[in-house]
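Student: need a 3D model of the following:
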Amino acid sequence: MKVLGVLGGGDLSKEKLLRWAQTADYVLAADGGANAFLHTPVRPDLVVGDFDSVLPEALLHAKRHSQSEDQHTTDCDKLFAEAQELGFHAITVTCFEGDDLAHVLATVHSAMRSKLDVRLLGRRSLSYVVHPGTVSIEVKSGAKIGVIPLLPCEHVSVTGVKWPLNKVAMTPGGLTSISNVADGGRVSLSLASGIALLVQESDEEAAPTWEEIAVERAK
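Tutor: You can find the predicted model right below:
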């Protein structure tokens, strides 16, 4: 299933968002994320959250909505929980950037906690939340690649890049890899423990197809 989660941070262009939404099998919006679909042909399949920022007309435009007053979880947490309850295994989340760093970091933390296979679609990047094991993605030659440790990671290896890594330790307060360069073909990241983000540079204007963001995973 091609599942798109839309948060309320904005920043992704309306055209790019609609291209993704119109090719998704299921669209989940978190609270104010539903506002982006007003006056468009896309009707979110489900809107979740505490509804402190969604417009009433956006709720009416959606096919279904589910309100939760729980203030101990974020709207992104609620979105992930609903997606898991619906039986989905993977989700691509967007509109999380905006201008609020707290919301960006909270989204990353929500993705770390989730049992779903989470991808974060930014304006100029696509990031994969990687747990212990190996992840392999198709990347265009010359694209920038980053590996950001979210928890202490052991035996981190990266191949398919100009400056490969071989079984190194990475920590949030230590080694971080940014602005590496894909050689073309496949880029693989493996780690024995911890959680990391594999960040791939993407075209700001073009929306990749769902097939292009397919991930191969191995334990």
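Student: isn't M170 right up against T176?
Tutor: Yes: counting by Cβ atoms under 8 Å, T176 is a contact partner of M170 at 6.7 Å. Backbone N, C-alpha and C define where each C-beta goes, glycine included.
Student: got any residues that touch both of the two?
Tutor: Common neighbours of M170 and T176, using Cβ atoms under 8 Å, 6 or more residues apart in numbering, are V147, P149.
Student: higher neighbour count, the two?
Tutor: Using other Cβ atoms under 10 Å as the criterion, M170 and T176 rank with M170 on top: 23 against 14.
Student: pLDDT at the more buried one, what is it?
Tutor: M170 carries a pLDDT score of 97 in this model.
Student: mind checking how far the nearest residue to it once chain neighbours are set aside is from C95?
Tutor: Spatially, and ignoring its direct neighbours in sequence, M170 is nearest to P149 (4.0 Å; Cβ to Cβ, 6 or more residues apart in numbering). In this view, P149 and C95 are 25 Å apart by Cβ to Cβ, to the nearest Å.
Student: then V27?
Tutor: V27 is 12 Å from C95, where distance means Cβ to Cβ.
Student: between those two, which contacts overlap?
Tutor: Common neighbours of V27 and C95, using Cβ under 8 Å, 6+ apart, are V6.
Student: and the helices in this protein?
Tutor: Counting by DSSP state H, the chain has helices at residues 14-22, 56-61, 75-85, 101-113.
Student: adding distance to A143 and mean neighbour count, write those out as JSON lines.
Tutor: Shown next, in JSON lines, are the helices of the chain (distance: least, Cβ to Cβ, whole Å; neighbours: other Cβ atoms under 10 Å):
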{"stretch": "helix 14-22", "distance to A143": "17", "mean neighbour count": "16"}
{"stretch": "helix 56-61", "distance to A143": "35", "mean neighbour count": "15"}
{"stretch": "helix 75-85", "distance to A143": "27", "mean neighbour count": "22"}
{"stretch": "helix 101-113", "distance to A143": "21", "mean neighbour count": "17"}
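Student: dump these to CSV, plus mean pLDDT and distance to A36.
Tutor: Below are the helices of the chain laid out as CSV (pLDDT from 0 to 100; distance: least, Cβ to Cβ, whole Å):
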stretch, mean pLDDT, distance to A36
helix 14-22, 91, 6
helix 56-61, 95, 8
helix 75-85, 95, 14
helix 101-113, 93, 15
